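1. Could you look at this predicted model? Sequence included:
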Amino acid sequence: MNQPVHLRAHKLSASASLCAAGFNQLAADSPAIEAMTDFSRVAAVSIAPEALIDDANARMISRGVRLLMVLGKDDEVVGLITARDILGEKPLQVALARASKRDELRVGELMTPIGSIDTLALADVLRASVGEILDALKQLGRQHILVEDNDPLTGLPRVRGLFSATQIGRALGVPVLGFDLPRTFAEIEAALVN
């Protein structure tokens, strides 16, 4: 049994500076798990397939994310929807094809269904580097990729987390826009130097 810790407060030191956070704490050769948004620690942002796409966009903005997990009954993952799905040409194309208005479209009509979602196994992620995750994202032409494992209590598959190219780029101090992702460690290092 751990002994209780007796905490004693003191006044802030006169010469204290603010700890710098964020940039360059992650490197291309860092373990990939350090760049993963882990849903066992951070709640995933989700939406129902029946929600209007403008409501999905508002939720993304309010939560500072560009991807929502789409959950059906019993909180089962049925797909995902990204800001690109909502703000790109896809809504206009679907609305025209269905002779409806864009603002009437529902998340379920634009989402990527579960059968089309690329994932990585957590076991592989635990052996990979951040640079290898960026390589995988670039090869797939994706901004995000999900990570799957099995729930230790039920043994059933679950979405454990996700990688975001933009988030990794920010952590590396490398601009990662669209699908123009650095391909190799050399390109990442060159971008960090510039």
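-> Received it, and whenever you're ready, just let me know what you need. Residues are numbered from 1 along each chain as shown.

2. Count the neighbours of S30 for me.
-> Neighbours of S30 under the rule other CB atoms under 10 Å: 16. Glycine gets a C-beta too; all of them are placed from N, C-alpha and C.

3. hang on, isn't it packed against V130?
-> Yes. S30 lies in contact with V130 (CB atoms under 8 Å); the separation is 4.8 Å.

4. Find the nearest non-adjacent residue to Q25, please.
-> A171 (6.7 Å; CB to CB, 6 or more residues apart in numbering).

5. So that neighbour, which state does it fall into?
-> helix (DSSP: H, G, I helix; E, B strand; the rest coil).

6. Could you measure from it over to L26?
-> 4 Å (CB to CB, to the nearest Å).

7. For stretch 153-170, buried residues please.
-> V159, R160, G161, L162, F163, S164, A165, Q167, I168, G169 (16 or more other CB atoms under 10 Å).

8. quick one: contacts for the third one?
-> Right, G161. The neighbourhood of G161, defined by CB atoms under 8 Å, 6 or more residues apart in numbering, consists of M36, T37, D38, F39, S40, L122, L146, V147.

9. host element of it?
-> strand 157-164 (DSSP states H and E).

10. What strands line up against that strand, and which way round?
-> strand 37-38 (antiparallel), strand 144-150 (antiparallel) (DSSP bridges).

11. quick one: average confidence on stretch 142-160?
-> Across stretch 142-160, pLDDT averages out at 93.

12. likewise stretch 60-69?
-> Stretch 60-69 shows a mean pLDDT of 94.

13. This protein: strands as residue ranges?
-> Counting by DSSP state E, one finds strands in the chain at the ranges 37-38, 46-47, 67-71, 77-82, 112-113, 119-121, 144-150, 157-164.

14. bridging residues for P113?
-> In beta-bridge terms (that is, DSSP bridges), P113 pairs with G79.

15. okay but it is in contact with G79, surely?
-> Yes. P113 is within contact range of G79, at 4.7 Å (criterion: CB under 8 Å).

16. who has more neighbours, these two?
-> G79 (21 against 12).

17. circling back to that earlier point, for the strands paired with strand 157-164, give me a markdown table that also has mean neighbour count and distance to A16.
-> Formatted as a markdown table, those follow (neighbours: other CB atoms under 10 Å; distance: least, CB to CB, whole Å):
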| stretch | mean neighbour count | distance to A16 |
| --- | --- | --- |
| strand 37-38 | 16 | 31 |
| strand 144-150 | 20 | 38 |
